[in-house]
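> quick check, what structure comes out for this input:
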Amino acid sequence: SVPTIITPGTAKTAAKYFKSGTSRREALSLYREILRTCKAFHWCDDNGVPWNQRLRNEARKEFEASKEETDPLIIDRMLVTGRDCVQQIQHKFNEADRKAWERIEKDSSRR
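Okay, the predicted model is just below:
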């Protein structure tokens, strides 16, 4: 597929392109990825509220607040930023999980 270049003169055409469902599909895909990532956070915060529940609620608020955005450049920026944030969180979580398993294996081999 050929990339779409958006210039001020083509903004209305671009808006139709983004409203056509492409950004909607990307947003839904990102939202689902966030929900899948939230499942890994099973411990509670200081108030006893599970982190996965708090993260899901925050994600929902962010998506609801962004629902009415029509500027294709802003929509694209939000999607790219959201995807990047999720990937960074997943990477950090996986790295911490890997280190925890290494400590467990190291401790169990000492016994």
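> pull the longest helix from this structure.
As assigned by DSSP state H, the longest helix anywhere in the chain is helix 72-110.
> for this protein, which spans come out with low pLDDT?
Regions of the chain meeting the criterion pLDDT under 70 cover residues 1-20, 111.
> identify the residues contacting the residue positioned nearest the centre of the chain.
By C-alpha atoms, centre = their mean, the chain has its centre lying nearest to V86, at 4.0 Å. By C-beta atoms under 8 Å, 6 or more residues apart in numbering, the residues touching V86 are 30, 33-34, 37. Where you see a C-beta, it was placed from the backbone N, CA and C, and this is true even at glycine.
> so which of those residues are in strands?
Among those, none falls in strands (DSSP state E).
> and which of those is nearest I75?
L30 (11.4 Å; C-beta to C-beta).
> distance of the nearest residue to that closest one once chain neighbours are set aside from I75?
Distances taken as C-beta to C-beta, 6 or more residues apart in numbering put G82 closest to L30, at 5.1 Å, once the chain neighbours are dropped. Computed as C-beta to C-beta, to the nearest Å, the G82 to I75 distance reads 11 Å.
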